[in-house]
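[1] Build the 3D model from these lines:
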Amino acid sequence: MDWVYLSITTFLAATIQSATGFGFGLIAVPIFLLVLGTADAIQMVMTVILCMSILDWAKLRGHASRPLLSRLCIGMLIGFPFGMLIFHYVPLSGLKVIIALVIIVFSIQNLLRLLNDKQVSVVPVDSQNKWATILTGTVSGAMSTSLAMPGPAVMLYLVHKGFEKTRIRATILTYFIFAYSGSILLQSILVGVSKSTWLSSFLLVPFGLMGVMSGHYLAHKIDTKLFKQLVLSILILTALVMLYQL
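    Have a look, this model is predicted:
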């Protein structure tokens, strides 16, 4: 039954991530941890998402914002070591509380803005505060190596800046390739990844790829406003689930 739960979770989380640009880690990590009960769940999620992101990136790479990506990646590299320290020393329950509360506050703020039809003007990349972008990448990098969740911080930042859905999906999926590649590398060197974890991860990849194809179909059926409402709703729901499972 564990494999049934993991397979279904992988497919559904992959569908949501492919349709919205993120969400796999937010959905899969809590469920994988609940089913497996070990930190190996985080390493499995990292591996599966990396494989899925490469496939998604091949179709969307031309829409990603390179200047934005470069600043996010600088911050990500700064955040990586902090995430590894968190992975080693901070209780997982405490980290979940902090992350969940931050996600809920910022998601509700952005969701209310969308529901009130308040137009969010797009901020040109050249006009954005580069230190705010780097800080976002730093938080994301720390969350990547500690919880396999680099998406929430970056997604909230991109939605807040008013980007349309194709650019959001392309930018964050490209960013995921760097974030998860670095996270898996650091986990392998500093913590170690068992053979059974590698094998289990690759056995789940086909379910993830089926979810990617399903998500691509759904992405064309969702307009930009509904897309952002869906993203923020997923964030709030997942944060509440994280708190409930403590």
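[2] how much space between residue 6 and residue 67?
    38 Å (C-beta to C-beta, to the nearest Å). To be clear about C-beta, it is placed using only N, CA and C from the backbone, and glycine gets the same treatment.
[3] between these two, who's got more neighbours?
    residue 6 (22 against 13; other C-beta atoms under 10 Å).
[4] Can you tell me the closest non-neighbouring residue to the residue most central in space within the chain?
    In the chain, the residue lying closest to the centroid (C-alpha atoms, centre = their mean) is residue 151, at 2.8 Å. In space, and not counting its chain neighbours, residue 151 is closest to residue 22: 3.6 Å by C-beta to C-beta, 6 or more residues apart in numbering.
[5] Residue 66 - how many residues pack around it?
    With other C-beta under 10 Å as criterion, residue 66 counts 10.
[6] should've said residue 190
    Neighbours around residue 190, by other C-beta under 10 Å: 12.
[7] Give me the pLDDT value at it.
    Note on residue 190: pLDDT of 85.
[8] show me what contacts the residue nearest to it when sequence neighbours are not counted?
    Of all residues not flanking residue 190 in the chain, residue 84 sits nearest, at 5.9 Å (C-beta to C-beta, 6+ apart). Residues in contact with residue 84, defined by C-beta atoms under 8 Å, 6 or more residues apart in numbering, are 145-146, 186, 190-191.
[9] got it, and residue 134?
    With C-beta under 8 Å, 6+ apart, residue 134 has these contacts: 71-72, 74-75, 78.
[10] what's the closest of those residues to residue 50?
    Checking these against residue 50 with C-beta to C-beta, the nearest one is residue 72 at 16.8 Å.
[11] Next, count neighbours for that closest one.
    28.
[12] Now do the same for the helix or strand harbouring residue 153: mean pLDDT, whole number.
    Assigned by DSSP states H and E, residue 153 falls within helix 151-160. Here helix 151-160 scores 80 as its mean pLDDT.
[13] Also stretch 30-45?
    Computed over stretch 30-45, the average pLDDT equals 82.
[14] That stretch: which residues count as buried?
    30-33, 35-36, 40-45 (16 or more other C-beta atoms under 10 Å).
[15] now, which of the residues you listed lie within helices?
    30-33, 35-36, 40-45 (DSSP state H).
[16] Identify the residues contacting residue 55.
    Per C-beta under 8 Å, 6+ apart, neighbours of residue 55: 209, 212.
[17] Just the closest of the ones in helices among the buried residues of stretch 30-45 to residue 165, please.
    residue 45 (23.8 Å).
[18] got the phi/psi numbers for the nearest residue to the closest one once chain neighbours are set aside?
    Excluding the flanking residues, the one nearest residue 45 by C-beta to C-beta, 6+ apart is residue 148, at 4.4 Å. Main-chain torsions, residue 148, degrees, to the nearest 10: phi 60, psi 30.
[19] wait, doesn't residue 148 sit right on residue 183?
    Yes: assessed by C-beta atoms under 8 Å, residue 148 is found in contact with residue 183 at 6.9 Å.
[20] any common contacting residues for the two?
    Going by C-beta under 8 Å, 6+ apart, residues that sit against residue 148 and also against residue 183 are residue 46.
[21] starting at the chain centroid, how far to stretch 195-205?
    Centre-to-centre, stretch 195-205 and its host chain are 20 Å apart (C-alpha atoms, centre = their mean, to the nearest Å).
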